[in-house]
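Colleague: Curious how this folds, go ahead:
(chains A and B)
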Amino acid sequence: MDMTQAVLLTIITAATPLLLAAIGELIVERAGVLNLGLEGMMATGAACGFAAATVSGSTGLGVIVAMLSAMLLASLFAFVTLTLGANQVASGLALTIVGLGLSGLIGAGFVGTSRTAVPGLSMEGLSDLPGFGKVIFGQDPFVYAAWALTLLSIVFLRWTRAGLVLRSVGENQASAHAIGLPVLKIRYWAVLFGGACAGLAGAYLSLVYTPFWSPGMTAGRGWIALALVVFASWFPFRLLLGALLFGGATVLQLHAQAASLGLPSQLLSALPYLATLLALVLMSLGRRGGSAAPGSLGQSFVPDR
Amino acid sequence: MRLELVPRASVSPIVRALSPLIAIMLAGLMAALVIALMGRSPVAAFDIYIREPLGDSWALQEMGIKMIPLTLIATGLVYCFRANLWNIGAEGQYTMGAIVGSILPLATQGMELGRWLLVIALVTGAIGGALYALIPSYLRVRLGVSEILSSLMLVYIAQLILDYLVRGPWRDPKGFNFPQTVMFDKGSMLPILFEDGRLHAGLILAIIVVVASTIVLGWSLFGYAIKVIGSAPKAAGFSGFSASAISLTVFAISGGLAGLAGIVEVTGQIGQLKPSISAGYGFTAITVAFLGRLHPLGVVFGAFVVSLTAIGGENAQIMMKLPLDLTTCFQGLLLLSVLAADALASSSIRVVRTPNKEA
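Modeller: Numbers count the residues shown, from 1 in each chain, chains lettered A, B, ... in the order given. Take a look at the predicted model:
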């Protein structure tokens, strides 16, 4: 396997959890809801997924449990912000705190346990093709799931009626309500979908990426995924590019650390966060004046009759 | 069947005041459920979490020590949250305050320059936190960058800067390679309030900040402008308040108080810089601010409740082997319950029966 391919593979591995979580959040935000609890849902997903997979011995079950646990947290958030109309920013933060605490509680019994990572696909002939054989045909199932989700969300948002409905609810909740769209119901589904994606991203971290569970292993990835959605101007395809860019920054950091350039290791560790900050600034510079955010993002919806 | 929110015509002040208490009980019930699910006795846990710390003078003093940074930070956050600005990077501003405030005490260590050094340390610490908070605020005002994400990214960066300093240039050469600075001179430490105790003069600073903020937020034009900008930004524009000036100011105040909390913790308690100088105060303070209903006096109550559970959590870890994450979990649930109770205080829930069978 040549160098380029090896680098590409690590970039994709680093980009996948970000992409998975961000796709979910993108759909949530397109429906007009800002769920800042991504980090917490990812952490809980990672802990529950790892626990379930270790106890049952089945990776598939681990993934399902990871998704369900994150969806449970998401439904808590949905109830508080949608049904009760509580502030979304503060509730999202609360969800992050709950999720991080919960992940610590659940994972406590599994610290130090490790399992073999989910293997990559191996297709006779294709995976061994020189050049991009392994990049395209030799990834683990999560990577394909992330790509498929990206593609599906592009199709969903752009070409389906349901996607149009979701976007109109996020763009202008009052008008959507006026023409008879069930605003809250659509938002519930969106938030649950976002939870499932965050759980999947968490499962990827603890079952493939590391593959073990340790406290605080999400390391701000949920927040970076949130920033990616802004960076992508709420378009799934740009999200893919953004995630790869950030995956690249992570890999650059690892390689620079290995090459010992004489830079302090903390500077390199700060790279993803600095890059996020820089990306947010550049995006804002690029569209001075207007914002690309959905019109009703973050607003509570209380129907008035 | 579905649930629908109906805004209440008027909200009674009693309901408003009681809602945090209801929220505390709700979060307590949920925590009890979690403890029961872990196969432990919720009653025994309640005893250790709540009852014992309240009856123990040592624990009460420790609570006071924790309340100081929480109160300082949360009071600052009240300014931001009232203006509907989301500074969630207080942890970073706290760290930056500790770093900047420590520059002079560390540079002059061993010279025993006296009391004025402490004053400079506190002032520079507050300035360090304020300047650090102005980064996300400036980015928001000038470029429209979300202050939520930028302030949070700056937390990670501040912590890495601290880590670099205490492992690199600022490390104590005689510290057996431990990642920590030299101990501060006695003169640059905050005095202890009671003989043989640990409670330090940061308490007085916190009281001053709470009283001053109550006056500023409740009775000054500036406090009124913050309120208008938070609840009716358009009206604020018509009445001539400058949204950007106020946004920068509240961030500076919030960051300044977080920075002050950082240097107070270092000069009052720790006495040196280490990689970890905070027990997540910057994040916990968010819960404290909401538990205090975004009022400086309420913040004191919120800080009391949160530090009670924090001390209780430490006890429970020792005595019942309950993990500290349980406390984190409880604090998150508490914030969620407070927000839910707040929402319920201003609207009532109505059950609407619908003919279609979809829920």
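Colleague: which helix of the chain spans the most residues?
Modeller: Looking at chain A here, since you left the chain open. helix A:3-30 (DSSP state H).
Colleague: try chain B instead
Modeller: helix B:116-143.
Colleague: Next secondary structure after that one?
Modeller: Using DSSP states H and E, the helix or strand that directly follows helix B:116-143 along the chain is helix B:147-167.
Colleague: Just give me how far the helix or strand hosting A:A47 sits from the chain centre.
Modeller: Element membership of A:A47 [criterion: DSSP H and E] is helix A:38-56. Relative to its parent chain, helix A:38-56 has a centroid offset of 14 Å by C-alpha atoms, centre = their mean, to the nearest Å.
Colleague: Quick one: list the elements packing against that helix.
Modeller: helix A:3-30, helix A:59-78, helix A:88-107, helix A:183-204, helix A:221-231 (3 or more C-beta pairs under 8 Å, 6 or more residues apart in numbering or on different chains; DSSP states H and E). Glycine gets a C-beta too; all of them are placed from N, C-alpha and C.
Colleague: Which of these sits closest to chain B?
Modeller: Between chain B and the helices and strands packed on helix A:38-56, the shortest gap by C-beta to the nearest C-beta is with helix A:88-107, which sits at 3.0 Å.
Colleague: hmm, the closest one touching chain B?
Modeller: Yes: with C-beta under 8 Å from any C-beta of the partner chain as the criterion, chain B is reached by helix A:88-107 at A:89-91, A:93-105.
Colleague: all strands of the stretch 251-359 of chain B, in order?
Modeller: Per DSSP state E, counting those that start in this stretch, the stretch 251-359 of chain B carries strands over the ranges B:347-352.
Colleague: Where does pLDDT dip in the chain?
Modeller: In the absence of a named chain, this looks at chain A. A:1, A:117, A:120-135, A:137, A:260, A:288-291, A:303-305 (pLDDT under 70).
Colleague: Let me rephrase: I mean chain B.
Modeller: B:1-3, B:9, B:353-359.
Colleague: Mind telling me which residue is nearest the centre of it?
Modeller: B:A285 (1.9 Å; C-alpha atoms, centre = their mean).
Colleague: Let me see the contact set for that residue.
Modeller: B:69-70, B:73-74, B:77, B:90, B:258 (C-beta atoms under 8 Å, 6 or more residues apart in numbering or on different chains).
Colleague: What of B:Q331?
Modeller: Contacts of B:Q331 by C-beta under 8 Å, 6+ apart are A:97, A:101, B:284, B:287, B:306, B:309.
Colleague: So the first one is in contact with B:T287, correct?
Modeller: Yes: counting by C-beta atoms under 8 Å, A:I97 does reach B:T287; the two are 7.3 Å apart.
Colleague: Mind listing the shared neighbours of these two?
Modeller: Joint contacts of A:I97 and B:T287 (C-beta under 8 Å, 6+ apart) are B:331-332, B:335.
Colleague: Export those to TSV and append columns for distance to A:G109.
Modeller: Listed next are those as TSV, based on distance: C-beta to C-beta, whole Å:
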residue	distance to A:G109
B:Q331	22
B:G332	21
B:L335	26
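Colleague: tell me, how many neighbours does residue 28 end up with?
Modeller: All of this is about chain A. 30 (other C-beta atoms under 10 Å in any protein chain shown).
Colleague: The intended chain is chain B.
Modeller: 19.
Colleague: Which of the helices or strands spans it?
Modeller: Using DSSP H and E, B:G28 falls in helix B:13-37.
Colleague: That helix versus helix A:88-107: what angle between them?
Modeller: In terms of direction (axes from the mean of the first three to the mean of the last three C-alpha atoms, to 10 degrees), helix B:13-37 departs from helix A:88-107 by 20 degrees.
Colleague: and for helix B:13-37, what are the contacting residues?
Modeller: Contacts for helix B:13-37 (C-beta under 8 Å, 6+ apart): A:105, B:41-42, B:45-46, B:291-293, B:298, B:301-302, B:305, B:322, B:326, B:329-330, B:333-334, B:336-338, B:340-342, B:344-345.
Colleague: Name the residues of it that come out as buried.
Modeller: By neighbour count, with 16 or more other C-beta atoms under 10 Å in any protein chain shown as the criterion, the buried positions of helix B:13-37 are B:19-20, B:22-24, B:26-28, B:30-32, B:34-35.
Colleague: re earlier: wait, which of the residues of helix A:88-107 next to chain B is closest to B:G223?
Modeller: A:A90 (20.8 Å; C-beta to C-beta).
Colleague: The closest one reaches B:D342, doesn't it?
Modeller: No: in this structure, A:A90 is not within contact of B:D342 by C-beta under 8 Å, at 9.2 Å.
Colleague: any common contacting residues for these two?
Modeller: B:F290.
Colleague: who has more neighbours, the two?
Modeller: A:A90 (24 against 21).
Colleague: what does the stretch 201-305 of chain A have sitting close to chain B?
Modeller: A:215, A:220, A:223, A:226-227, A:230, A:264, A:266-267, A:269-270, A:273-274, A:276-277, A:280-281, A:284-285, A:288, A:291, A:302-303.
Colleague: can you tell me which of these are in helices?
Modeller: A:223, A:226-227, A:230, A:266-267, A:269, A:273-274, A:276-277, A:280-281, A:284-285.
Colleague: Next to chain A, which bits of the stretch 101-250 of chain B? Give me the list.
Modeller: Residues of the stretch 101-250 of chain B lying near chain A (C-beta under 8 Å from any C-beta): B:139, B:143-146, B:148-150, B:152-154, B:156-157, B:160-161, B:163-164, B:167-168.
Colleague: Could you give the separation of the helix holding B:G28 from the chain centroid?
Modeller: 20 Å.
Colleague: One more: stretch B:67-84?
Modeller: 6 Å.
Colleague: Output that stretch as CSV, nothing but the C-alphas.
Modeller: Written as CSV, here are the backbone C-alpha positions of stretch B:67-84 (Å, rounded to 0.1, in the frame of the first residue of the first chain):
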residue,chain,number,x,y,z
MET,B,67,-19.3,28.6,45.7
ILE,B,68,-16.7,31.4,45.1
PRO,B,69,-15.7,30.6,41.5
LEU,B,70,-19.2,29.4,40.6
THR,B,71,-20.8,32.6,41.9
LEU,B,72,-18.2,34.8,40.1
ILE,B,73,-18.5,33.0,36.8
ALA,B,74,-22.3,32.5,36.9
THR,B,75,-22.9,36.2,37.8
GLY,B,76,-20.9,37.1,34.7
LEU,B,77,-22.9,34.7,32.6
VAL,B,78,-26.1,36.3,33.7
TYR,B,79,-25.1,39.5,31.9
CYS,B,80,-24.6,37.5,28.6
PHE,B,81,-27.6,35.3,28.9
ARG,B,82,-29.9,38.2,29.7
ALA,B,83,-28.8,39.8,26.5
ASN,B,84,-29.5,36.5,24.7
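Colleague: Quick check: A:F235 vs A:L152, distance?
Modeller: 14 Å (C-beta to C-beta, to the nearest Å).
Colleague: Got a quick ChimeraX command for the buried subset of the contacts of helix B:13-37?
Modeller: The buried residues among the contacts of helix B:13-37 can be selected in ChimeraX (16+ other C-beta under 10 Å) with this line:
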select /A:105 /B:42,45,46,291,292,293,298,301,302,305,322,326,329,330,333,334,336,337,338,340,341,342,344,345
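Colleague: Now, the contacts of helix B:13-37 that are in helices?
Modeller: Short answer: the contacts of helix B:13-37 in helices (DSSP H) are A:105, B:42, B:45-46, B:291, B:298, B:301-302, B:305, B:326, B:329-330, B:333-334, B:336-338, B:340-342, B:344-345.
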